[in-house]
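[1] take this sequence and fold it.
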Amino acid sequence: MSKKQQFSLASANVRCATLMGHVDHGKSSYADSLLASNAIISSRQAGKLRYLDSREDEQERGITMESSAVSLNFKTRHLRPDGTPGDVQDCMINLIDTPGHVDFSSEVSTASRLCDGSLIIVDVVEGVCTQTIMVLRQAWSERLSPILVLNKMDRLVTELKLSPIEAYHHLNQLIEQVNAVMGSFFATERMEDDQRWHEDRERRLQKKKEEQDQKAMESLEDADATTSNGENEAAEQEDRYEELDDEDIYFDPGRGNVIFASAIDTWAFRLDRFSHLYAKKLGIQERKFRKVLWGDFYFDPKSKRIIGHKLKEKQGRNLKPVFVQFVLENIWAVYESAENRDQEKIEKIVKTLDLKIHPRELKSKDTSALVQTIFAQWLPLASCTFGALMSNIPAPAQAQAIRIPKMLHPDLSYFSKAEPRNPLEVDLFSARTGPEARRCAYVSKMFAIRRGDLPEGRRRELTADEMRQRGREARERVQAMKDTLSATGVTIDQSSLGADGTNGSAVPNPSDELTDEQKAEEVVLGFARLYSGTLSVGQTISAILPKYNTALPPNHKANLKFKVDVTIEGLYMMMGRELVAVAEVPAGNVFAVRGLEGIVLRNATLCGLPSNANQEEELKIEDVVNLAGVSRLNSPIVRVALEPKNPTHMSKLVEGLRLLNQADPCVETMVQSTGEHVIVCAGELHLERCLKDLRERFARCAIQASPPLVPFRETAKKAAEMPPPKTEGAQRGTIHAKTAGGQVELTVRAVPLPTEVADFLLINSRIVKRLLQRERHQDGGLASEVMEDKEGEGAIQQDEREVKMDVFWDKLDSLLAKSGPMWKDVTNAIWSLGPRRSGPNMLVDKRSENNSKLASLRSQSGPSKTAWSLADVEEAIDTGFQLATLQGPMCAEPMHGMAFFVEGVAVVSGEESNATQVNHSQMTSAVIGSMRESCRSGLLDWSPRLMLAMYTCDIQASTDVLGKVHAVLSRRRGRITSEEMKEGTSFFTVGALLPVVESFGFADEIRKRTSGAASPQLVFKGYEIFDLDPYWVPRTEEELEDLGEFGERENVAKRYMDRVRKRKGLFVSERIVEGEKQRTLKSN
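    So this is what the prediction gives:
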């Protein structure tokens, strides 16, 4: 067989899949059984060891924090086209285990981009949870082929004590719930596609109508033209509109995309396992029996026939469903006989199933060990899973034809199909490999590893006995690895093997030994997937960074800094906790790559010409794609300022933050204007992991962290009781301001923005940025002032409610028109948005001379060098508005939902004066300051409010601890939004809203109060008004009588505000000394 044929065979026998699901649903335990099938761990430890949780804190907490990849091999017998068994072939699964905790959801995003399918793990008792829906949506958006795994089936027997018929109804409802989630995704996509089709159709019909009218005017045949137009419309509607079937998106055990499993007991099955078993006994074709093994079908023991539900009801017979009688009752019998120690029944089951089990194991007193022994031979988890992956997940060549168009064109409809437009896309769509294929890989994240853990750094001297023992073990592993890699065409890097063929077991040259300091150094590797071509160590390839613009050629000046040539220093196949060095990697494989440190921050695309091409030839525009743009499920919200305990270690902290920022796909690091080094994390648990990594791995020095810096927002509302307006005779919120010299007078009126409008602007802030960048990029205006995306900004999740750029203004105009008469025609008078020109605050020009929409997009003449004019004042007003909305009056936090109407600008002296450049600068700064203070004072003229960052909190708890959950939520100012009981269980699902500022320590407290029976999942929701005035003081007689002159009742909003002001060094009015009432001691 030629090398090209080997590569072709390898691609067809490779599958890339990820394990996804809610936290504690058993993903890592499920992966253990797959690892045991490859002798990576002992089969007795499967389900308990959690081998892929390689971090110490992962083992301590019992949850996964980082995604881990492993390559597993197995043999399978392929079926020929006529259905007869074919040859036995080697296959390989690239499996990635992902975290289920919401704080580490970015790991799910990066892993899903590299895979073609997913195993969705669902706990049959807890059912569909928050993260279950999130990972289903992630699989849908990435066009992965999902397989549903109903895990922890043993809990139905041992914990809930359900009968087989009750368990069947419970499983049926659970599958329906998962399918309802999938159906909602399909319905949303279908509605968007239908709307898009109608818009395109209206556009085409309008264009044809104009053409027909033009022809009618010329030929004076109006009647014929109208008839032709109507015929064209009917013909186009009939030709274009089509209903799409959604049958393929659902999970159905009969189709083989549902696995019933118990990872802790290492068993799993699909319906085909039992259909093959019983088809011969019942004399039924296996394919037909599999169709009736799930659903409302019943076995009639008298007639030996399968009957449907209607016939069963008509006969009035009490029959059990086929799935219950042939599947569940047998599984329940194993558990019950093992639990009751019914030795006779156990031996009968073993004999009936023809299992080869040692008598000593049958007499074991350990019930769980006995159950595992029986099920490991009867329903092996690994073979079931491998079979499901091979039959339900397409090979890379077929999968990439479905997934690559969506990666290249993110706005592509789910139902649309795209054809390759150039040779590179042809190679990508077909996962073409070999030296003649163009090379293209995607690096989804960077991760750090100790240099001593690399294959090149694991050399050390061994004793003779250790060398012989290690040599035997290593040769077995290398042989198993060769068998695995031969299925993909990968060759092991012989330079990384010792003299005895082992991976670093030989006696090394003492001069080659790494010092302890070198071994502790962190090396950053890329976590990647090769989509086309073949990569080899030593090759040079171009790293395409996320900001690269594919519409421009590679040598364009705007693209030069986003295209960097790199040399591949090492390639590794990931085997969980270990790496195996390889010389080359063909398309369709997941691998680690070394050589990108300092060049790629988080993600990048690697593009290169074919291996056999002239490498000095420059890349052309059609040879480059940009695959960056992983959607992030959870945005970072928790901020902490860091500093080393020893000031001389500041350089170590800076270097550690650089490594952490590169190694963690979700964390953000920044240096504030105050000089503080700040990290932003997704949650409290994520923060703990980042601090641990900084102290022990990246910075390797003692670090102290500040209390969490929780963000707030400042706004105002119209309250029932407010002080009189600050400006007499004017509307509330009106402020008259004048610069220090009196040259410029301003009249600004602040008004709370309608909630719907503020939310719309916040959701579409990305659209506003794109509008600004598109307009200003051409004439070089405000490009530097617009907040540009960071290198990893492509990872920010796009809101589903976001509108298109061409309908943004129309949608905003309609929302304003619905908000009341005062907001009518405001759209055309919008001067700017803020803060950073894209926030939920609005500057409106209500002067009579305004004539343009979003004045910050207008082309304006530059400021005069010799004298200041009205144009200079307008620019200063906009800057003052941006500063005011960025730092509000209460605690210097950004404003939210405020509109500022500029009702008058009077230039008392400007063009008449011969001001110098210095006077121009002074005047500009004076106007900026006056405008900023006017906006702040206008907000305070209303009833000011703080907006709290809020978490949505989902808690699953049993009835006996439900009261304790309520008590903890109430104490932390949480608000319960939903509470429902899981049908068939004693568990309640509690939904609540919890302020982020009150959430620290919440998870630990609720676990302590409930003795570990409840565990919350916190997801950032947004900001919500805290309806309490921070400046409230008792004024009425009743308030003074109840609360006293100083208001002894604590103002929580003021406490939040003062805490932020104190942290920022702002003035805080507080009582330093609190008196204590004198007490008289009781006499003896």
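[2] what about the stretch 951-1084 of the chain, any weak spots by pLDDT?
    Residues of the stretch 951-1084 of the chain that meet the criterion pLDDT under 70 lie in 1039-1049, 1071-1084.
[3] got it, and the stretch 551-700 of the chain?
    Using pLDDT under 70, the flagged stretches of the stretch 551-700 of the chain are 615, 629-634.
[4] got it, and the stretch 751-900 of the chain?
    Across the stretch 751-900 of the chain (using pLDDT under 70), the flagged ranges come out as 775-800, 848-869.
[5] list the helices and strands the lengthiest strand in the chain packs on?
    Secondary structure assigned by DSSP state E gives strand 943-958 as the longest strand of the chain. Judged by 3 or more CB pairs under 8 Å, 6 or more residues apart in numbering; DSSP states H and E, strand 943-958 is in contact with strand 712-717, helix 962-971, strand 987-995, strand 1015-1026, helix 1052-1063. The way it works is simple: take the backbone N, C-alpha and C, and place the C-beta from them, glycine included.
[6] between the ones you listed, which gets nearest to residue 75?
    Of all the helices and strands packed on strand 943-958, strand 1015-1026 sits nearest to residue 75, with 40.1 Å by CB to CB.
[7] how about that closest one: buried residues?
    For strand 1015-1026, the neighbour count (16 or more other CB atoms under 10 Å) marks 1015, 1016, 1017, 1018, 1019, 1020, 1023, 1025, 1026 as buried.
[8] list the residues that contact the fifth one.
    Applying CB atoms under 8 Å, 6 or more residues apart in numbering, we find residue 1019 in contact with 102, 130, 634, 951, 952, 954.
[9] and the second one, by the same measure?
    Contacts of residue 1016 were listed using CB under 8 Å, 6+ apart, and they are 953, 954, 955, 1002, 1003, 1006.
[10] mind splitting this protein into its structural domains?
    Domain ranges of the chain: 3-152+385-395, 271-379, 435-623, 638-709, 733-789+801-927, 945-1063, per automatic domain parsing.
[11] redo those domains as a markdown table? Include distance to residue 424.
    Below are the domains of the chain laid out as a markdown table (distance: least, CB to CB, whole Å):
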| stretch | distance to residue 424 |
| --- | --- |
| domain 3-152+385-395 | 18 |
| domain 271-379 | 40 |
| domain 435-623 | 5 |
| domain 638-709 | 26 |
| domain 733-789+801-927 | 25 |
| domain 945-1063 | 38 |
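[12] coming back round to it: check the buried residues of strand 1015-1026 and tell me the two furthest apart.
    In these, two members sit farther apart than any others by CB to CB. They are 1015 and 1025, at 29.4 Å.
[13] list the helices and strands the helix or strand hosting residue 33 packs on?
    Assessed by DSSP states H and E, residue 33 sits inside helix 27-37. Applying 3+ CB pairs under 8 Å, 6+ apart, we find helix 27-37 packed against strand 14-21, strand 68-79, strand 85-97, strand 117-123, helix 381-392.
[14] for the following helix or strand past it, packing partners?
    Remark: after helix 27-37, the chain's next helix or strand is helix 56-61, criterion DSSP H and E. For helix 56-61, the packing partners by 3+ CB pairs under 8 Å, 6+ apart come out as helix 684-693.
[15] which SSE is immediately downstream of the helix it packs on?
    strand 703-705.
[16] list the contacts of that next one.
    Contacts with strand 703-705, where a contact means CB under 8 Å, 6+ apart, come from 640, 641, 642, 643, 644, 645, 653, 691, 694, 695.
[17] list the buried residues for that strand?
    In strand 703-705, counting by 16+ other CB under 10 Å, buried: residue 703.
[18] gap between it and the chain center?
    28 Å (CA atoms, centre = their mean, to the nearest Å).
[19] stretch 1015-1025 now?
    16 Å.
[20] nearest to residue 579, out of the helices and strands packed on strand 943-958?
    strand 1015-1026 (32.5 Å).
[21] relative to the closest one, what are the paired strands and their orientations?
    Strand 1015-1026 pairs in its sheet with strand 943-958 (antiparallel), by DSSP bridges.
[22] distance from the chain centre to the strand it pairs with, please.
    Remark: strand 943-958 is offset 21 Å from the chain centroid, using CA atoms, centre = their mean.
[23] which parts of that strand are buried?
    So, applying 16+ other CB under 10 Å, buried residues of strand 943-958: 943-957.
[24] wait, which of those is closest to residue 299?
    Closest to residue 299, out of all of the buried residues of strand 943-958 and judged by CB to CB, is residue 956, at 36.6 Å.
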